[in-house]
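**Q** Got a sequence here, can you build the structure:
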Amino acid sequence: METEQKITLGATELAVPPLGIGTWAWGDKLFWSYGKDYAAAELQQAFKTALELGIGFFDTAEIYGLGESERLLGQFMQQSGSAAIIATKYFPLPWRFNADAVADALTASLKRLQLPTVDLYQVHWPFDFLMGQPALMHALADEVQQGRIKAVGVSNYSAAQMQEAHQTLAIRGVPLAVNQMQYSLLARQIEQNGVLQMARQLNVTILAYSPLAQGLLTGKYNAENYQPPGVRRFDPRFSQTGLQKLSPLFQALSQIAAQHERTPAQVALNWLIAQGNVIPIPGAKTAEQVRQNAGALGWSLSDAEIAELAAVTLA
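**A** Below is the predicted model of the structure:
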């Protein structure tokens with residue numbers, strides 16, 4: 001089964017499905033319970049299911065599971081004999097202060113992924129430290145010209161930082177493909193702080209991470225059931241009071257979901273896709289979660305429903 005038409009990232013030639021899979025939890029024992037509640041076997045089924053459903057676009061990073069997320073993806077691709085679209089990230093650590101650091105980090109990521117080239121290579125955070133943004137962008141452009149990166153992206157960059165990265169890459173004839181930002185019905189800051197507007201102006205695609213607000217938008221948690229596992233229990237939004245405040249949104253999501261015979265999570269993801277130039281990358285640890293995510297595709301919210309959800313989350 002193939003999903004609908006692919007989306008081209010910015011002004012690049014890289015086309016991806018309208019929905020991806022975030023793999024922060026793949027191999028991560030610190031924030032997630034990898035090895036306890038789920039392990040490589042479940043993740044391999046999730047990988048296989050994503051490819052079958054036509055959403056084989058995976059976002060990882062060198063720091064996810066301290067490299068384990070990349071290693072697992074590399075292993076799954078080798079074992080299945082199937083290619084996937086892979087996005088990974090470079091973390092600008094303080095001691096990485098010259099272009100060689102970018103080349104070395106990329107070499108290590110490619111080795112873990114067992115790939116000669118990566119589709120999308122992103123800068124995880126806009127930290128400057130000693131290297132500086134211009135040197136970092138030129139180092140990335142060098143890797144594009146050497147064929148080890150197909151497209152360059154950034155993550156968590158402000159409107160001004162994104163514009164600067166775009167301008168520096170443009171000198172080298174390399175388009176800025178994406179800015180990966182937190183974006184969901186419960187995290188709409190990029191609509192107010194200029195990032196979304198600047199991305200549209202520059203033709204940069206937004207990859208939306210935490211599009212389900214770490215499970216808040218799944219409908220699984222409410223004022224009577226508010227005990228998520230792991231670090232989320234310290235998030236005030238998951239408290240009884242926090243969930244009571246969100247009940248108007250939960251109610252609207254449930255009503256709209258029922259009308260479309262979908263789930264609240266699928267409605268929340270569809271709302272993001274409806275914004276245009278936005279690709280949600282929800283996490284998935286099991287084949288069932290991948291199937292649930294895929295249910296956000298193949299249908300559309302009405303303009304009135306999009307407006308209703310926007311109104312109920314503005315407060």
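**Q** Tell me where the model's unsure across the stretch 201-315 of the chain.
**A** Scanning the stretch 201-315 of the chain for pLDDT under 70 picks out the ranges 222-234, 315.
**Q** Going by residue numbers, what spans are helices in it?
**A** Ranges of helices within the stretch 201-315 of the chain are 240-245, 247-260, 264-274, 287-294, 303-312, based on DSSP state H, counting those that start in this stretch.
**Q** And the pLDDT for the nearest residue to Lys36 once chain neighbours are set aside?
**A** Among residues not flanking Lys36 along the chain, Lys29 sits closest, at 7.9 Å (C-beta to C-beta, 6 or more residues apart in numbering). (Each C-beta comes from the backbone N, C-alpha and C, glycine too.) At Lys29, the pLDDT value in this model is 82.
**Q** Lys29 and Ala99: what is the separation?
**A** Distance, Lys29 to Ala99, using C-beta to C-beta, to the nearest Å: 33 Å.
**Q** next one: Gln189
**A** With distances taken as C-beta to C-beta, Gln189 is found 32 Å from Ala99.
**Q** These two: which is more packed in?
**A** Remark: of Gln189 and Ala99, Ala99 carries more neighbours, 16 against 11, as counted by other C-beta atoms under 10 Å.
**Q** isn't that one right next to Pro134, touching?
**A** No: using C-beta atoms under 8 Å, Ala99 and Pro134 do not qualify as a contacting pair, with a distance of 11.0 Å.
**Q** mind listing the strands in the stretch 101-250 of the chain by residue range?
**A** 118-123, 149-155, 176-182, 205-209 (DSSP state E, counting those that start in this stretch).
**Q** and Ser247, which of the ones you listed is closest to it?
**A** Closest approach to Ser247 among the strands of the stretch 101-250 of the chain is made by strand 176-182 (22.5 Å; C-beta to C-beta).
**Q** Relative to the whole chain's centre, how far out is the closest one?
**A** Computed by C-alpha atoms, centre = their mean, to the nearest Å, the chain-centroid distance of strand 176-182 equals 9 Å.
**Q** Quick check: neighbours of that strand in the sheet, parallel or antiparallel?
**A** Partners of strand 176-182 in the sheet, by DSSP bridges, are strand 149-155 (parallel), strand 205-209 (parallel).
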